[in-house]
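Colleague: Predicted model follows, preceded by the sequence.
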Amino acid sequence: MTDKKPLLLLVDDDPRFRSLLETYLEREGFAVASAGSAREMHTVLDEQSIDLIVLDITLPQTSGLDICRNLRASGSTLPIIMLTAKGDDIDRIVGLELGADDYLAKPCNPRELVARARAVLRRQERRPVGAPTVDSREIRFGKVCLRPATRMLEKDGEEIALTTAEFAVLHALVSHPRETLSRERLLSLARRQRNASDRSIDMHMSRLRRLIEVDPGKPRYLQTVWGTGYVFVPDSPP
């Protein structure tokens, strides 16, 4: 792993449990964000570049199993460690079948969670370039290079971490060059249907332009089609 602290998202509806784990994980060298529900989790994913989710199965409204299923159905390869009730083999098996990378029974030993988190992150780093769930292309335009496999944006040799939502919106645009995408279509392609709105797309576009464009006020690559939506205009001729 790099010198950058891995950012874990701890999703559990017990604030005391989250606080205890957060303190231990931070002491072990992780950065930690937390959420008490699916809605809070998606808000964090929209705003931060998460490396691994520690996900409790028993959550209010939407279960951890449903969250895992929805993330994998959306194409997300974000590592997930499930927290299951002690001795509940059915939940454990179902979680793994739905695409969880590992599981741990609650109440869990924080030291074991740290070991499993590090192991999952190491496996993620060693994922073969040709693995079918990873887009290994590099998309270059101007002074920018987008690497979908790592969700990293590079500009002038400097790597910029994108949030989940920013990456999803940018990747949707660059995958459809010169095609005008309405806000609704962008929401669908970026799989931001949940708790998303036209305004959220505009906010993501504004930040992406600040990261990418020489003059965000007069964008060269991420252009607005007034009354319709947005379009990505690459360097190469049609």
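Modeller: In hand now; what should we look at? Numbers count the residues shown, from 1 in each chain.

Colleague: what sits against residue 146?
Modeller: 138, 139, 140, 152, 153, 154, 170, 171, 174 (CB atoms under 8 Å, 6 or more residues apart in numbering). Bear in mind the C-beta positions are built from the backbone N, C-alpha and C, glycine included.

Colleague: go on, residue 145?
Modeller: Counted by CB under 8 Å, 6+ apart, residue 145 has contacts 138, 139, 153, 154, 155.

Colleague: which residues does it bridge with?
Modeller: Under the criterion DSSP bridges, residue 145 forms beta bridges with residue 140, residue 154.

Colleague: what about residue 70, which SS state?
Modeller: helix (DSSP: H, G, I helix; E, B strand; the rest coil).

Colleague: nope, residue 219 is what I meant
Modeller: coil.

Colleague: So for it, what's the nearest residue that isn't a sequence neighbour?
Modeller: Leaving aside its sequence neighbours, residue 219 sits nearest to residue 213 (CB to CB, 6 or more residues apart in numbering; 4.7 Å).

Colleague: ok, the one you found touching residue 224?
Modeller: No - counting by CB atoms under 8 Å, residue 213 sits too far from residue 224 to count as a contact (12.0 Å).

Colleague: okay, the two: which has more neighbours?
Modeller: Using other CB atoms under 10 Å, the more surrounded residue of residue 213 and residue 224 is residue 213, with 17 against 14.

Colleague: Read off the pLDDT value for the more buried one.
Modeller: Reading off the confidence values, residue 213 has pLDDT 93.

Colleague: Identify the residues contacting it.
Modeller: 219, 220, 221, 222.

Colleague: measure it to residue 78 for me?
Modeller: Between residue 213 and residue 78 the computed distance is 28 Å (CB to CB, to the nearest Å).

Colleague: before we move on, what about residue 160?
Modeller: Counting by CB to CB - residue 160 and residue 78 are separated by 18 Å.

Colleague: And the residue nearest in space to the middle of the chain, how close does it get to residue 7?
Modeller: Using CA atoms, centre = their mean, the residue of the chain that lies closest to the mean C-alpha position is residue 164, 3.6 Å off. Separation of residue 164 from residue 7 (CB to CB): 11 Å.

Colleague: do the same with residue 43
Modeller: With CB to CB as the criterion, residue 43 and residue 7 are 15 Å apart.

Colleague: go on, residue 210?
Modeller: 21 Å.

Colleague: same check, this time on residue 37
Modeller: Relative to residue 7, and taking CB to CB, residue 37 is found at 19 Å.

Colleague: what does residue 115 give?
Modeller: Relative to residue 7, and taking CB to CB, residue 115 is found at 18 Å.

Colleague: the more surrounded of these two?
Modeller: residue 7 (16 against 13).

Colleague: In this structure the more buried one contacts residue 34, no?
Modeller: No - if you go by CB under 8 Å, residue 7 and residue 34 don't touch, sitting 11.3 Å apart.

Colleague: quick one, domains of this structure?
Modeller: 7-125, 139-232 (automatic domain parsing).

Colleague: and the longest one, how far from the chain's centre?
Modeller: In other words, domain 7-125. 13 Å (CA atoms, centre = their mean, to the nearest Å).

Colleague: So what's the residue count around residue 49?
Modeller: Residue 49: 16 neighbours (other CB under 10 Å).

Colleague: That one: what's it in contact with?
Modeller: 7, 151, 161, 162, 163, 164.
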